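In: please work out how this folds:
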Amino acid sequence: MGRNVSNANRQVPVQSQDGQQTLALKTLVKSPNEVQAEDGTWILPLVSEAINIGYPGQRTGAAYTMNLDPSHMNRLLEGDGHLSVRKLGLLNGSFWRALNQLVDKKHGFEDDEAQLERAIEALQASITVIARIARRGVR
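Out: Residues are numbered from 1 along each chain as shown. Model prediction:
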């Protein structure tokens, strides 16, 4: 089933077995009220942070792994040019795990385990505060 999105008339020709039908674009994508439009630059700081996590103290090594000069990589991550997905594909699994976690966190796609971990951390922080306040009251 082939799809070709036309921006001119906002219609989508959909190839079916018995011919071609035209559907309104809104039948295939969320309405503008449901989607926050972004220009794509949101990913660059996440990629940069994931590189720091995947290559701790070795940011230069990540650049060389992608066959890039480190200063060129930094300019690309600041939005000056385009960083190829093929280049990113050369990076290690630690980078990809970190990037996955950062994207999940940004868009609120945490799984049950991550939510539970955050809840436990919040509970532990609350207990610490309560204990600190209780110690002050005992004196």
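
In: geometrically speaking, which residue is the centre of this protein?
Out: Within the chain, one residue has its C-alpha closest to the average C-alpha position: by Cα atoms, centre = their mean, that is residue 103, at 2.5 Å.

In: identify the residues contacting the helix or strand hosting residue 98?
Out: Secondary-structure element containing residue 98, defined by DSSP states H and E: helix 93-107. The set of residues that contact helix 93-107 without belonging to it, under Cβ atoms under 8 Å, 6 or more residues apart in numbering, is 42-43, 46-47, 49-51, 53-55, 62, 88, 109-111, 114. C-beta here means a position set from N, CA and C on the backbone, and glycine is covered the same way.

In: okay, domains of this structure per the record?
Out: Residue ranges for the domains of the chain, per automatic domain parsing: 1-29, 43-138.

In: so which of these is the most surrounded?
Out: For these, average neighbour numbers computed from mean count of other Cβ atoms under 10 Å are highest in domain 43-138, which has a mean of 13.

In: what distance separates that domain from the centre of its chain?
Out: Here domain 43-138 shows a centroid-to-chain-centroid distance of 10 Å under the convention Cα atoms, centre = their mean, to the nearest Å.

In: so which residues of this structure form strands?
Out: Along the chain, the stretches classed as strands by DSSP state E are 11-16, 19-24.

In: give me the mean pLDDT for the first one.
Out: Meaning strand 11-16. Strand 11-16 shows a mean pLDDT of 50.

In: picking up where we left off before, mean pLDDT lowest where, among the domains of the chain?
Out: Of all the domains of the chain, the minimum mean pLDDT falls on domain 1-29 (a mean of 46).

In: for residue 45, which non-adjacent residue is closest in space?
Out: Counting by Cβ to Cβ, 6 or more residues apart in numbering, residue 77 is the residue found nearest to residue 45 once chain neighbours are left out, at 7.9 Å.

In: any idea how far residue 90 is from residue 53?
Out: For residue 53, the distance to residue 90 (Cβ to Cβ, to the nearest Å) stands at 17 Å.

In: and what of residue 59?
Out: According to Cβ to Cβ, residue 59 and residue 90 sit 15 Å apart.

In: same question, residue 61
Out: Relative to residue 90, residue 61 is positioned 11 Å away (Cβ to Cβ).
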